[in-house]
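# Sequence and predicted structure below; questions after.
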Amino acid sequence: MQTGWNESWQEKASAYPNLTPGRIIVEHKRLYRIQTEQGVLLGEISGKYRHEASQREDYPAVGDWVMVQPLENEQKAIIHAYLPRASKFSRKMAGYTSGEQIVAVNVDIVFLVMALNQDFNLRRLERYLLTAWESGANPVVVLSKSDLCPNIEEKLEQAESVAMGVPIVTCSMIAGDRVNGLLPFIHEGSTTAVLGSSGVGKSSIINALLGEERMDTRGIREDDDKGKHTTTHRELLALPQGGVIIDTPGMRELQLWESEEGLEQGFSDIEALAEECQFRDCTHKNEPNCAVQLAIEEDRLPIERLTSYQKLQRELAYIERKANKREQLEEKKKWKKLSQTQKSFKK
């Protein structure tokens, strides 16, 4: 079963001796395609599982290892549980709701793809890095379409200024080396996810790694240099080099979801400077002896980076308030339901 299975998952699966392990490779509405030793099965969650699930993260997602009961001669299975996740890449649902959208789970490496054209955006890269760190996966920045960039070294320096300590790889589907720089990050038993905006070349990169044209590819619009959606769902694919890779739909918008620890790691330069401020609760605005503002004045820190840091802080604070309010409403609904149940028994 070439889907990233290893001894760690074997140990977790031992808690379910009467069930069969499998991995979610495609998620449909209420249905899942599951890779097992018996082949690909079409699965749905059990009635008990559905009853006990209270929020989105309780349901399986692409990349999850699930414990199933195969149905004989039907190529179907019932999902009874998913194994504890090693990592989870989430974002806030688009729009005004405060729900969580799970992008991929149990990912070891995240290829954060950004094209070296008008898509190149350091503020977006900061967001992707924050979410990657928070997920528990290790990020690798992939700068695609390098053949379109006349000043690669300058762009590399800019990317390094926000992706401190993170590997950065350039690639081009036209150049001879194509994706050779990505191969050292892929190995047997590992799971890699590919994330980025529409049209940055994610599907082309995956096709090159697969060695065949499996994913539909399209170019970028000439009028505004923006991408067109090609991938419309998440899918887990086995790689000939070993391990698996998860393709994801292009994300024009990436709203954060619980990334406080990622904020500290992604902006370690500002966090380190803040330790030198006179006041522990310094907002880095008008306080005296602010080390962050001093670094900006001395051109050691771009003001845009501080602005981005403060914006992300406000966004996370807003999400936390919305999430707390949602939890309070869910708790209220639960107790109301229990109260109605008790009243029905008394009757």
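Received it, and whenever you're ready, just let me know what you need.

# Let me know whether N121 touches M114 as I believe.
Yes - under the criterion of Cβ atoms under 8 Å, N121 makes contact with M114 at 7.2 Å. Every C-beta, even on glycine, is put in place using the N, C-alpha and C of the backbone.

# Pull the contacting residues for I25.
I25 makes contact with 3, 33-35, 40, 62, 235-237, according to Cβ atoms under 8 Å, 6 or more residues apart in numbering.

# the helices in this structure, which residues?
Assigned by DSSP state H, the chain shows helices spanning 7-13, 47-52, 122-135, 152-162, 202-210, 260-266, 268-274, 291-297, 303-346.

# how about those helices in CSV, adding mean pLDDT, distance to H28 and mean neighbour count?
Output for those, formatted as CSV (pLDDT from 0 to 100; distance: least, Cβ to Cβ, whole Å; neighbours: other Cβ atoms under 10 Å):
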stretch, mean pLDDT, distance to H28, mean neighbour count
helix 7-13, 90, 23, 13
helix 47-52, 90, 15, 12
helix 122-135, 84, 23, 22
helix 152-162, 90, 36, 15
helix 202-210, 89, 20, 22
helix 260-266, 67, 30, 18
helix 268-274, 87, 40, 17
helix 291-297, 91, 48, 18
helix 303-346, 65, 26, 12
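
# So in terms of bridging, what pairs with K88?
V105 (DSSP bridges).

# any idea which of the contacts of I25 is closest to E298?
V62 (46.5 Å; Cβ to Cβ).

# Just give me the neighbour total for the closest one.
V62 has 25 neighbours, counted by other Cβ atoms under 10 Å.

# Can you get me a residue count around V140?
Close neighbours of V140, defined as other Cβ under 10 Å, add up to 21.

# Does it touch L112 like I think?
Yes - here V140 reaches L112: they are 6.9 Å apart, a contact under Cβ under 8 Å.

# So for G243, which of the helices of the chain sits nearest?
G243 lies closest to helix 202-210 among these, at 9.9 Å (Cβ to Cβ).

# the more surrounded of N121 and M114?
Neighbour count, other Cβ under 10 Å: between N121 and M114, M114 has more, with 24 against 13.
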